[in-house]
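Student: Have a look at this prediction, sequence included:
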Amino acid sequence: MWTGRLTSAARPGAALGLVLAAAAAHWSGRAASVPAAFDPAEVVALIRRHRIATLTLTKAAGLPAALTEAIAAASAGQIRRAALLALECARVAHHLTGSGQDFLVVKGAPLSVQLYGSASLRLSRDIDLVVPSGQTEASTQHLQRLGYAAIGRDHNALILGHAGTGARLELHESRSPDDFRHGCSVDVLGIAVPTLPVDRAILHAACHGSGHLWSELAWIADMAAAMAAPLDWDRITDLARGKGLRRPLALGCLLASELLEVEIPPPLRPLTDALPASVIAGIAHVTASPAASEREVLAQRGAVGMVLWEMSLYERPARKLALLIRHGHPSATDKALVTLPAALSFLYVPLRLARIAWAWIARR
Amino acid sequence: MPNAPISESSTSSRNPALIATEVDGEVVMMHLDLGRYFGLDSIATDIWKRLETPMTFAALIDGLQADYEAERAVIAADVARLLAEMADKGLVALG
């Protein structure tokens, strides 16, 4: 229900409104009310862009048959890829477990099972593997034996690809030993896959969605799925308080409530009520027409503004600092600007900071 | 090594090294050790589902005959060919 809590956001247009209503039917069971005038091609494109086809391809969604067929055709590749990734996730977990490796699969197929009850309802694009600090090399060797090869780096993750299956895997080192102490196992297609327990997985999803400016409805749908599930929200709220993550959690839940019509669980309401207007204003783009990608939103607002906004979400100084370090880490663009010898590679950091500062000055 | 001819008493079972999921009504599976995907068409998907528990060729054909409008001999010939193909690819074991 559009209550206007997202005061800085525009009311969704006809196409996005229909997309939201069709997705919301997944939880409410109420068929979408189809407007008299809308652009079917825009609806299809939005559903594909936001990776929510599986939520809208049901009778409950109430979309016209021709539109449902068009969505199915446009999203068939995404749906098939997610199913194959679920299989690949199970295979990787099977072998890593067999080799005695410590690891967790975050998001992806295990989260899909935890939130939707099915391994491939959530349309993942890659596999996110977290290993204990210092274990990247050993894990990479195991993954190489499974046919993976390193293809690049993204912030703190090593990116690996599998030539045979086309799967992409991001290998992250854990920053919190807590993750492994509290890990659990989820059945993905008959294979036990180690992952975060659902309360921690929800906080992780909230931070991930916030970090990407909630620019895809798939991430907001995850929050809706969590809110609709019979979970212990007192416990989740306590955990968020303890970790200083109340705002990312509240923001994700507010979005899910406003856009996908899922009621906010009572223990969460004080958190959503306490969200400052400046934090809510940071996600005004979610209802923009035409839809804005994360890159476009960053370009519009500038990196400094977005980093400051993201820092305002976190309560712990250590987390704010980690965020600064992550954004201060040299990007591929920085390295493409000038080639420095390995001994001078530390100069990429001031180069990046200078680029960010220049962009900020230029905007002002 | 080629599989022995399939008889009415031959038993068919799924390869336990495979994990499977369904996409748009058709089964997609992966071999855990080989890391290879396999896709089944709708008929093969139906047979795969019936093999959730191992069964004799005769029982499989009886079940299919009850659901498809075709002569038993025609179904048996088609399914024998399909099972042999699936066995060649390591998807099912024939005993």
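Tutor: Arrived safely. Numbers count the residues shown, from 1 in each chain, chains lettered A, B, ... in the order given.
Student: need the longest helix for chain B.
Tutor: helix B:72-88 (DSSP state H).
Student: CA-only coordinates of that helix in CSV, if you can.
Tutor: Only the C-alpha atoms of helix B:72-88 are listed here, as CSV (Å, rounded to 0.1, in the frame of the first residue of the first chain):
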residue,chain,number,x,y,z
ARG,B,72,2.2,-50.9,-25.4
ALA,B,73,4.8,-52.1,-27.9
VAL,B,74,5.3,-48.6,-29.3
ILE,B,75,5.8,-47.1,-25.9
ALA,B,76,8.1,-50.0,-24.9
ALA,B,77,10.3,-49.5,-28.0
ASP,B,78,10.5,-45.7,-27.5
VAL,B,79,11.2,-45.9,-23.8
ALA,B,80,13.8,-48.6,-24.2
ARG,B,81,15.7,-46.4,-26.7
LEU,B,82,15.4,-43.4,-24.3
LEU,B,83,16.6,-45.4,-21.3
ALA,B,84,19.5,-46.7,-23.2
GLU,B,85,20.5,-43.1,-24.2
MET,B,86,20.1,-42.0,-20.6
ALA,B,87,22.2,-44.9,-19.4
ASP,B,88,24.9,-44.0,-21.9
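Student: Show me what the helix or strand following it is packed against.
Tutor: The first helix or strand that comes after helix B:72-88 along the chain, using DSSP states H and E, is strand B:92-94. On a contact count with 3 or more Cβ pairs under 8 Å, 6 or more residues apart in numbering or on different chains; DSSP states H and E, strand B:92-94 meets strand B:11-14, helix B:72-88. Just so you know, the C-beta spots here come from the backbone N, C-alpha and C atoms, and that holds for glycine as well.
Student: Repeat the analysis, applying 6 Å as the threshold.
Tutor: strand B:11-14 (3 or more Cβ pairs under 6 Å, 6 or more residues apart in numbering or on different chains; DSSP states H and E).
Student: From the contact counts, what lies against the strand it packs on?
Tutor: strand B:92-94.
Student: what's the strand it packs on in contact with?
Tutor: Residues outside strand B:92-94 that contact it (Cβ atoms under 6 Å, 6 or more residues apart in numbering or on different chains): B:Asn3, B:Ser10, B:Ser12, B:Ser13, B:Arg14, B:Met86, B:Ala87.
Student: go again using 8 Å as the cut-off
Tutor: B:3-4, B:6, B:10-15, B:51, B:83-84, B:86-87 (Cβ atoms under 8 Å, 6 or more residues apart in numbering or on different chains).
Student: Just give the closest residue to residue 43, not the sequence neighbours.
Tutor: No chain in the question, so chain A it is. Nearest residue to A:Val43, sequence neighbours excluded (Cβ to Cβ, 6 or more residues apart in numbering or on different chains): A:Ala15, at 4.9 Å.
Student: my bad, chain B
Tutor: B:Leu82 (7.1 Å).
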